[in-house]
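> No letters, just coordinates:
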């Protein structure tokens, strides 16, 4: 039976900041400003088993990064408890650092002016590894992450894709049990994204590393994570296997119509049916099966339009996630 | 403890290597700072020659004062230059990576940056102290006291810097506040020691430690004053204790942010 890597119970984080009150004088605003409170994370609870691959997603400002920062000991929770590998991230921050790896897509941890090898060595020394351990791990990671072609280049001269591979490799130098990644594929092209996802899958399979990632990229979630936790306004709104997520809006069907010649006019549709795309060469319609059956809607469409081809399909994951965000 | 020291030394080595990668700016910084300091000392010597001895301070003492200051400043802001970056780390969220390190937070921050121009200060400080020792014909005992005072003075410099730059955890845009506090400390310390008497001497010794880093060490050597040596030594420990307490309390205020940064 797999043990719990992360246990979060009733975790909250509030931030306070001064705000200017327009009805007050500037002197009052300067010396006695109003204090506004923002609840970034609101009483969330969940747990993660070792070896799991978790997508922790939500719109901007939902509380994803704040949660990751509380899990790593960067931020102090306002209330509630977090336990990572049995350690309290606040009290045991240094001990925990030996067992976790972190990657922040928007923030590099590497030494910019020195070759990549120096950064890898630097992290190895930081984690109290011996010279032999460092060198053998660098060889392993170089092979795994295909770093050979740029390992001797100064980090500032690497492309974004190369740099992200290097960031992940550096965060794995000490063989952490969990890797927490905050938007690791941000700004990467499709090839670099795929490479990085494949590598993360590989280290999960080969080294059993638990993966906990935040991302706005549906591809990261679909291809990498077996479980998705959705957070919005600091509250966990969904926590389910990723494959179940795409069927959670199964009542909404999409119908594509391809015309015999061209679509000229777009008639009004009955309740439960809506145009998504009105084109001369293609029409896309959504059908809410709670209001109208797919059979009835197809019949209606065939009465209105002369079509050459019809395609009926479920909403893709991106649409599902957008719906979930919008509903909250 | 040993692992902490080993890593701190390793981080300093990497910083020097990183800085030396940009060779031209490294060399220009080192020599530029030495020229700057020499100009400053010439100015003071001409000043004393014009107005005579003030409060018992001779041109040799000015050389000693500049030596203490340049050396302690140089040691802290070359090898421990990361302390000066604390406001930037805090406001940009770059401080996150230190919180993720398994090493001592203060030591990790201090050794996160290296300032090559401060090597010029170190070289200049050593030259000044050697010249000072020759000018006042120091005894072996005075040389030992001088070395001890360099350590105390460096500790006070470091501790006060930690206190000042830790205020960045309490303000949103702390850059101007911290540099203002730091100027308030450093400017009087560069002044002719004889100019500080009575209340001024009390304020700049016991409230702001400006005179503890240069003036009192020079006076302790030339007057062979055990009292002044003890005051500097005692306050170096008090300031270090205060600085660690202030820093640990301030870190709890850290709120992080999401500005894009490049680390080291």
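Okay, I see it. As the structure is a computational prediction, the values presented were derived from the model and not from experiment. Residues are numbered from 1 along each chain as shown, chains lettered A, B, ... in the order given.

> Quick check, residue A:105 in contact with residue A:183.
Yes. Using C-beta atoms under 8 Å, residue A:105 is in contact with residue A:183, at 3.9 Å. Where you see a C-beta, it was placed from the backbone N, CA and C, and this is true even at glycine.

> Let me see the ranges of the helices in chain B.
Secondary structure of chain B, counting by DSSP state H: helices at B:2-21, B:23-51, B:59-79, B:86-92, B:96-99, B:105-110, B:117-135, B:140-166, B:175-190, B:198-202, B:215-222, B:226-251.

> Please give me every residue in contact with the residue nearest to residue B:235 when sequence neighbours are not counted.
What sits nearest to residue B:235 in space, not counting adjacent residues and going by C-beta to C-beta, 6 or more residues apart in numbering or on different chains, is residue B:212, at 5.5 Å. Applying C-beta atoms under 8 Å, 6 or more residues apart in numbering or on different chains, we find residue B:212 in contact with B:152-153, B:156, B:205, B:231-232, B:235-236.

> per-residue pLDDT, residue 99?
Here I'm looking at chain A. Here the pLDDT value assigned to residue A:99 is 93.

> Chain B was what I was after
Value for residue B:99, per-residue pLDDT: 91.

> Hmm, residue A:93 and it touching each other?
Yes. Applying C-beta under 8 Å as the test, residue B:99 and residue A:93 come out as touching, 6.8 Å apart.

> so what's residue 104 up against?
Because you didn't say which chain, this covers chain A. A:182-183, B:96.

> you looked at the wrong chain, it should be chain B
Taking C-beta under 8 Å, 6+ apart, one finds residue B:4 in contact with residue B:104.

> how far away is it from residue B:248?
For residue B:104, the distance to residue B:248 (C-beta to C-beta, to the nearest Å) stands at 11 Å.

> again, but for residue A:213
For residue A:213 relative to residue B:248 (C-beta to C-beta), the value is 32 Å.

> and residue 157, how many residues sit next to it?
With no chain named, the answer covers chain A. For residue A:157, the count of nearby residues is 13 (other C-beta atoms under 10 Å in any protein chain shown).

> um, chain B though
Counted with other C-beta under 10 Å, residue B:157 comes out at 30.

> ok, and the closest non-adjacent residue to it?
Leaving aside its sequence neighbours, residue B:157 sits nearest to residue B:72 (C-beta to C-beta, 6+ apart; 4.4 Å).

> related to what we said a few turns ago, which one of the contacts of residue B:212 is nearest chain A?
residue B:236 (26.8 Å; C-beta to the nearest C-beta).

> Just the pLDDT at the closest one, thanks.
With respect to pLDDT, residue B:236 scores 95.

> Correct me if wrong: it contacts residue B:155.
Yes. Counting by C-beta under 8 Å, residue B:236 sits close enough to residue B:155 to count as a contact (4.1 Å).

> which ones are touching the residue in the stretch 101-250 of chain B positioned nearest to chain A?
Minimum separation of the stretch 101-250 of chain B from chain A (C-beta to the nearest C-beta) falls at residue B:102, amounting to 3.8 Å. With contacts defined as C-beta under 8 Å, 6+ apart, residue B:102 is in contact with A:94-95, A:97-98, A:126-128.

> what do you get if the cut-off is 6 Å, keeping everything else the same?
Residues near residue B:102 by C-beta atoms under 6 Å, 6 or more residues apart in numbering or on different chains: A:94, A:97-98.

> Keep only those that also lie close to chain B.
A:94, A:97-98 (C-beta under 6 Å from any C-beta of the partner chain).

> Could you point out which residue ranges in the stretch 201-328 of chain A have low pLDDT?
Applying pLDDT under 70 to the stretch 201-328 of chain A flags the ranges A:248-250, A:327-328.

> so which residue of chain A comes closest to chain B?
residue A:97 (3.8 Å).

> ok, now how distant is the closest residue to that residue other than its chain neighbours from residue A:128?
Distances taken as C-beta to C-beta, 6+ apart put residue B:102 closest to residue A:97, at 3.8 Å, once the chain neighbours are dropped. To residue A:128, residue B:102 is 8 Å away according to C-beta to C-beta.

> What of residue A:75?
26 Å.

> again with residue B:203
For residue B:203, the distance to residue A:128 - C-beta to C-beta - is 46 Å.

> and residue A:126, how many residues sit next to it?
20.

> number of nearby residues for residue A:136?
12.

> helix or strand for it, which one?
helix A:131-144 (DSSP states H and E).

> Would you mind identifying the next helix or strand past that helix?
On the C-terminal side of helix A:131-144, the closest following helix or strand by DSSP H and E is helix A:160-171.

> to the chain's geometric centre, what's the distance from that next one?
17 Å (C-alpha atoms, centre = their mean, to the nearest Å).

> Please enumerate residues in contact with it?
A:101-103, A:116, A:119-120, A:123, A:141, A:145, A:150, A:187-188, A:192, A:196.

> now the helices for the stretch 101-250 of chain A?
For the stretch 101-250 of chain A, the helices defined by DSSP state H, counting those that start in this stretch cover A:116-126, A:131-144, A:160-171, A:190-207, A:218-224, A:242-245.

> Residue A:232 contacts residue A:60, correct?
No. Look at residue A:232 against residue A:60 with C-beta atoms under 6 Å: they stay out of range, at 10.5 Å.

> more crowded one of these two?
The residue with more neighbours, out of residue A:232 and residue A:60, is residue A:232; 20 against 8, by other C-beta under 10 Å.

> what's the domain layout of chain A?
What automatic domain parsing lists as the domains of chain A is A:4-245, A:252-327.

> Out of those, which gets nearest to residue B:166?
domain A:4-245 (16.4 Å; C-beta to C-beta).

> Give me the most central residue, chain B.
residue B:73 (3.2 Å; C-alpha atoms, centre = their mean).

> how much space between it and chain A?
Relative to chain A, residue B:73 is positioned 24 Å away (C-beta to the nearest C-beta, to the nearest Å).

> residues contacting that residue?
residue B:121.

> How about the one 4 residues further on?
Under the criterion of C-beta under 6 Å, 6+ apart, the neighbours of residue B:77 are B:115, B:118.

> How confident was the prediction at it?
Taking residue B:77 on its own, its pLDDT is 90.

> Just want to know which of residue A:75 and residue A:128 has more residues nearby.
The residue with more neighbours, out of residue A:75 and residue A:128 and counting by other C-beta under 10 Å, is residue A:75; that gives 24 against 14.

> Give me the below-cutoff pLDDT ranges for chain B.
B:20-23, B:25-26, B:48, B:51, B:172, B:258-264.

> can you do 80?
Confidence mapping of chain B against pLDDT under 80 gives the ranges B:1, B:17-56, B:116-117, B:171-176, B:192-195, B:256-264.

> now swap in the stretch 51-200 of chain A and tell me
A:105-106, A:187-188, A:192.

> Which residues of it lie near chain B?
Residues of the stretch 51-200 of chain A lying near chain B (C-beta under 6 Å from any C-beta): A:69, A:72, A:74-75, A:94, A:97-98, A:102, A:106-109, A:111-114, A:122, A:125, A:128.

> Which members of those residues are classed as buried?
A:69, A:72, A:74-75, A:97-98, A:102, A:107-109, A:111-114, A:122, A:125 (16 or more other C-beta atoms under 10 Å in any protein chain shown).
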